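Novice: here is my input, please return the structure:
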Amino acid sequence: MTIHLIRDLESLHRRLLSMCAKVEEIVNDAVRVYTDQTTTTIDKILLRDHEIDAIDIYIEEECLKLLALHQPVATDLRRITTVMRISGELERVGDLALNLTERFTEMKRMPKLVVPGGFGEMVKKAIGMLRRSIDSYVNLDPVHARAVCADDDLVDDLNRVIIDEVIVQMKKHPETIDAGIHLISASKHIERVADHASNIAEEVIYLVEGNIVRHKHHDDHHT
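Specialist: Sure thing, here's the model as predicted:
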């Protein structure tokens, strides 16, 4: 590995960590809108989402430059492609945070809906998965990455239960239908955050071990 490639890879790593921090921040801000713990507005979340988009574009462009200039192989090649994929996953989480903010903001204007108890648990689980997936990347830890992937099914189960409970409530109290639709949408967004966290963890496994594990745990779940 040349000195120039080492320097460029370290710079890329630092930029990705900066993106990770911004994504964690935007997701937490979106959740605070739901829990009434903040005055964060959609405009503020939108601005942060634009910042994340800009970093994603920068990282992709830098990765493509490194591939063209250095023609890396083996571990270096995996690192570059992994950074590019993780950046894409994080960008999508930023988009989900914006969508969550919109859903929660709309719900505040509607007749009160009893939020299922499992919703808060699912939010904590999904955010925890995201943080742990990032930690597994920082520490190059495939063991913890696999643990993140294992938790994805738990979030899927919580999402299904929450949707069922909300539908029951909507049938009993038609005035909550609009709020219920927003909550179901929010629940699906949270479930997608967990999916992206799992995808990041799978990329970490690929980076460290060279094994492509995408879709495997999903296949096991359906057999």
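Novice: okay, CA-based contacts and neighbour counts for the rest of this
Specialist: Noted.
Novice: how about the helices of the protein, start to end?
Specialist: Along the chain, the segments classed as helices by DSSP state H run 3-34, 42-70, 74-107, 117-138, 142-172, 177-209, 216-222.
Novice: any chance of the ones you listed in CSV, with mean pLDDT and mean neighbour count too?
Specialist: As requested, these are exported to CSV (pLDDT from 0 to 100; neighbours: other C-alpha atoms under 10 Å):
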stretch, mean pLDDT, mean neighbour count
helix 3-34, 90, 17
helix 42-70, 93, 17
helix 74-107, 93, 21
helix 117-138, 94, 20
helix 142-172, 96, 18
helix 177-209, 95, 24
helix 216-222, 51, 10
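Novice: Lys188 touches Val161, doesn't it?
Specialist: No: checked against C-alpha atoms under 8 Å, the pair Lys188 and Val161 is beyond contact range at 11.6 Å.
Novice: list the contacts of Met107.
Specialist: Ala179, His182, Leu183 (C-alpha atoms under 8 Å, 6 or more residues apart in numbering).
Novice: correct me if wrong: the first one contacts Pro111.
Specialist: If I follow you right, that is Ala179. Yes: with contact defined as C-alpha under 8 Å, Ala179 reaches Pro111; the gap is 7.1 Å.
Novice: centre of the chain to stretch 161-171, how far?
Specialist: Counting by C-alpha atoms, centre = their mean, to the nearest Å, stretch 161-171 is centred 25 Å from the centre of its parent chain.
Novice: same question for stretch 201-219.
Specialist: 16 Å.
Novice: what of stretch 18-38?
Specialist: On C-alpha atoms, centre = their mean, the centre of stretch 18-38 falls 12 Å from the chain's centre.
Novice: what does that stretch contact?
Specialist: 39-40, 45, 48-49, 52, 55-56, 87, 90-91, 93-94, 97-98, 100-101, 104-105, 123, 127, 130-131, 134.
Novice: residues in contact with the closest residue to Asp49 other than its chain neighbours?
Specialist: Using C-alpha to C-alpha, 6 or more residues apart in numbering and skipping the chain neighbours, the partner closest in space to Asp49 is Gly94 (5.7 Å). The neighbours of Gly94, taking C-alpha under 8 Å, 6+ apart as the test, are Val23, Ile26, Val27, Asp49, Ile52.
Novice: which two of those residues have the greatest separation?
Specialist: Val27 and Ile52 (11.9 Å; C-alpha to C-alpha).
Novice: coming back round to it: ok, now how distant is the residue nearest to Asp49 from His189?
Specialist: 11 Å (C-alpha to C-alpha, to the nearest Å).
Novice: check Ser136 too.
Specialist: To His189, Ser136 is 23 Å away according to C-alpha to C-alpha.
Novice: same thing with Tyr206?
Specialist: For Tyr206, the distance to His189 - C-alpha to C-alpha - is 26 Å.
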